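Asker: Pasted the sequence and its predicted model underneath.
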Amino acid sequence: MRTSRQRKWVGIIVTAVMLALLVAPTAVTAQEEPTLTNATSDDLLKVDILFVGAHPDDDSTATATMARYVFDRGAKAAVVTATKGEGGGNATGRELGPALGIVREAEERMAMRMLGIDLVYYLNELDWAFTTSATATELFWGYEEPLGNIVRLYRVLKPDVVVTMNPSPSGHGHHQYIAKLATEAFFLAGDPNAFPEQLEEEFIDPWQPKKLYYALAYGAAGLAPSVEIPTNEYSPSQFATYAELEAIALRRYRSQGFDAGYSVPPPARRLSPETFTLAASVLPIPEVESDLLAGLTSGVDLAPANVELEVLPAAFYVSQGGEVAVDVVFRNFGDTDLMDLSLSLGAPDGWTVSDASAPVDAPVGETVSATFTVGGAGGRRRDRLPDNRRALRRGGRRRRCAVRQQARAAPGHPAGLD
C-alpha cells in the first residue's frame, strides 16, 4: 500500500508528464511553421525557353519541341511574336488588316495554351507584305525600337535558352530580320551599357541568356543542324506523340488553313525531327548535342575553366562573293599562364578563311585577339544587311554593337585554339 507521501510524488510526476505533453506539440509546431515569402516577378515570369518569331504560326518551327520540354521536362516557355499576322489572307472570315490581326492573336494564344504556354507577347510591328529582304523589313520596322523591346523582354522573362528563326538570306525577310534582332539582343541584354534607361527608369536588371538556337524548319539555307529533337516519341504525361500534340495545337491557326494541313494522327512527313543549329552560347559546347537545355545545370565534361572565347563579325551575315572581317578574342581569367596559343576560325565547305594567327601568349588576366577575313562561297552577291557595328545612343553614352556569335556555321568548324 502506498503512503500519502508516495501518492504525492506520483501525482507530481503525472502532472509533469501531462504538462510536457501539452507543451511539446506547441514547441514542435512553432519550429515547423512555414515562413511567408514575398512573391517576385520571377515567380510569375521567369522562363526556361523563349521562342522569338515574326508571325503567329512561326512557333510551328519548334512546337513539338516546346511540348516536350513543357509537358515532360518541367520547363516553362514563352513566345514573342513581332507582328500579329495582319498582312495575310483569311480562311475563316472576311476580316483583313488590323481586324485579322485580332483573330490571329486569339488563335496563337489558344494554340500556345494547348502546349501549356501562357506567356505570349507581341512587338506590334507591321506585317506589311511578303518580302525576301531583311533590309526592306528594317526600313518598315526600324532598328533601335524593336531591338530594345526584345532586350527588355529578355531582361524581364530571363530565358536560359532563346530559339529564333534562321537569319540566313533566304525565305521571308521578316523571318531573317527578327532572327537578326533576336541575335543582337542575346548579346546586349546582359550588358548594362546597352539600353541603360531600362535599368535606370524601369528598375530591371541585365540578364544574359545562356544559349541561342536557330530553328531550321523553314529551310536550313546552308546551316547544319547541331541538335535534332524527335517528334515521333510519346509524351508520358499526355499519352500522345509530340507530333500529335503539335498538330492539335497548330490546327487552331484556322484563319491560315492549318486545320486542313495538320491531321491527327499526323502523316509520316510530319514525324520528322525538329532541327536547330546552335548560334551562340556562353556555356561550353559539347561535340554532340541532344538537348536544348544541356549544360544549364549539369555542366559539360572537359569544359575549359575560367577562359572566354568570343567571335565578333563586323557584319551580321555575308553571302555569295562577299567578305567580312571577324575578330576572335580570347581572355584568360584563370590562374595559369597559357603560352603559345594559336587562334583559328573555321567555316563551311566552299568558304575561305585567312590563316591562323601566329603563336601568342595569354598570361593570367590578359586578352589576345586576331582578325580573320571570311569569304563567302563564289557566285552573285545577294542582299546583305549593313554593318551592324552601329552606334546606339542611350543615356548620353555611345556603344558599338556587334553580333558576338560563336562561329559555329557548321559542326566541326568552330572558332578555336590550337
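Answerer: Yep, that arrived. Numbers count the residues shown, from 1 in each chain.

Asker: Could you list the domains of the protein?
Answerer: Using automatic domain parsing, the domain ranges for the chain come out as 40-301, 304-418.

Asker: residue ranges of the helices in this protein, please?
Answerer: Counting by DSSP state H, the chain has helices at residues 4-32, 41-45, 63-72, 98-113, 134-141, 144-157, 173-188, 196-202, 242-250, 258-261.

Asker: what's the straight distance from one end of stretch 233-243 to the other?
Answerer: Terminal residues of stretch 233-243 are spaced 8 Å apart (CA to CA, to the nearest Å).

Asker: Residues contacting that stretch, please?
Answerer: Applying CB atoms under 8 Å, 6 or more residues apart in numbering, the external contacts of stretch 233-243 come out as 64-65, 67-68, 71-72, 230-232, 245, 248, 265-266, 270-271. From N, CA and C alone the C-beta is placed, and that goes for glycine too.

Asker: what about 10 Å?
Answerer: 63-72, 116, 229-232, 244-248, 262, 264-268, 270-274 (CB atoms under 10 Å, 6 or more residues apart in numbering).

Asker: then stretch 98-107 to CSV, C-alphas only?
Answerer: Output of stretch 98-107 as CSV, limited to C-alpha atoms (Å, rounded to 0.1, in the frame of the first residue of the first chain):
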residue,chain,number,x,y,z
PRO,A,98,-5.9,45.1,-88.1
ALA,A,99,-9.1,43.1,-87.6
LEU,A,100,-7.4,39.9,-88.9
GLY,A,101,-4.6,40.6,-86.5
ILE,A,102,-7.1,40.4,-83.6
VAL,A,103,-8.2,37.0,-85.0
ARG,A,104,-4.7,35.7,-85.4
GLU,A,105,-3.6,36.8,-81.9
ALA,A,106,-6.5,34.9,-80.4
GLU,A,107,-5.5,31.8,-82.5
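
Asker: buried stuff in that stretch?
Answerer: Of all the residues in stretch 98-107, those buried under the rule 16 or more other CB atoms under 10 Å are L100, G101, V103, R104, E105, E107.

Asker: As a markdown table, the residues you listed with pLDDT would be great.
Answerer: Formatted as a markdown table, those follow (pLDDT from 0 to 100):
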| residue | pLDDT |
| --- | --- |
| L100 | 93 |
| G101 | 94 |
| V103 | 95 |
| R104 | 94 |
| E105 | 96 |
| E107 | 95 |
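
Asker: Reformat those as a markdown table; add distance to D191.
Answerer: Below are the buried residues of stretch 98-107 laid out as a markdown table (distance: CB to CB, whole Å):
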| residue | distance to D191 |
| --- | --- |
| L100 | 38 |
| G101 | 33 |
| V103 | 38 |
| R104 | 34 |
| E105 | 32 |
| E107 | 36 |
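
Asker: Looking at those residues, which is nearest V364?
Answerer: Here the nearest of the buried residues of stretch 98-107 to V364, counting by CB to CB, is E105; it sits at 53.4 Å.

Asker: how close does the residue positioned nearest the centre of the chain get to I117?
Answerer: In the chain, the centroid-proximal residue (CA atoms, centre = their mean) is V162; its distance is 0.5 Å. Here V162 is placed at a distance of 15 Å from I117 (CB to CB, to the nearest Å).

Asker: repeat for L126
Answerer: Distance of L126 to I117, computed by CB to CB: 25 Å.

Asker: quick one, which of those two is more surrounded?
Answerer: Between L126 and I117, I117 has the larger neighbour count (other CB atoms under 10 Å), namely 24 against 15.

Asker: Could you list the low-pLDDT ranges of the stretch 201-350 of the chain?
Answerer: Under the criterion pLDDT under 70, the flagged ranges of the stretch 201-350 of the chain are 297-305, 316-319.

Asker: Could you rerun that using 50?
Answerer: Across the stretch 201-350 of the chain, residues meeting the criterion (pLDDT under 50) sit at 300-303.

Asker: Just the strands from it, written as ranges.
Answerer: For the stretch 201-350 of the chain, strands defined by DSSP state E, counting those that start in this stretch occupy the ranges 211-215, 227-229, 234-235, 240-241, 274-281, 307-313, 323-332, 338-341, 343-344.

Asker: partners of the longest one in the sheet?
Answerer: Applying DSSP bridges, strand 323-332 is found paired with strand 307-313 (antiparallel), strand 367-375 (antiparallel).

Asker: so can I have TSV of those showing mean neighbour count and distance to A217?
Answerer: Below are the strands paired with strand 323-332 laid out as TSV (neighbours: other CB atoms under 10 Å; distance: least, CB to CB, whole Å):
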stretch	mean neighbour count	distance to A217
strand 307-313	18	25
strand 367-375	17	27
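
Asker: Output those in JSON lines, with distance to T352 appended to each entry.
Answerer: Shown next, in JSON lines, are these (distance: least, CB to CB, whole Å):
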{"stretch": "strand 307-313", "distance to T352": "15"}
{"stretch": "strand 367-375", "distance to T352": "4"}
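
Asker: if you skip the residues just before and after it, what's nearest to L216?
Answerer: Leaving out its chain neighbours, the residue that sits closest to L216 by CB to CB, 6 or more residues apart in numbering is T275, at 4.5 Å.

Asker: With T367 as the reference, measure out to that neighbour.
Answerer: From T275 over to T367 the distance is 35 Å, taken as CB to CB.

Asker: One more: D340?
Answerer: From D340 to T367 the distance is 16 Å (CB to CB).

Asker: and if you look at N232?
Answerer: Shown here: N232 relative to T367, a distance of 47 Å by CB to CB.

Asker: same deal with E228?
Answerer: According to CB to CB, E228 stands 36 Å off from T367.

Asker: Same question for T135.
Answerer: 34 Å.

Asker: cool, and L212?
Answerer: For L212, the distance to T367 (CB to CB) stands at 23 Å.

Asker: repeat for L216
Answerer: Taking CB to CB, one finds L216 at 34 Å from T367.

Asker: cool, and V328?
Answerer: 11 Å.

Asker: Overlap in contacts, those two.
Answerer: E310.

Asker: what number of residues lie near I248?
Answerer: Neighbours of I248 (other CB under 10 Å): 19.

Asker: Okay, it and M110: tell me how far apart.
Answerer: I248 is 11 Å from M110, by CB to CB.
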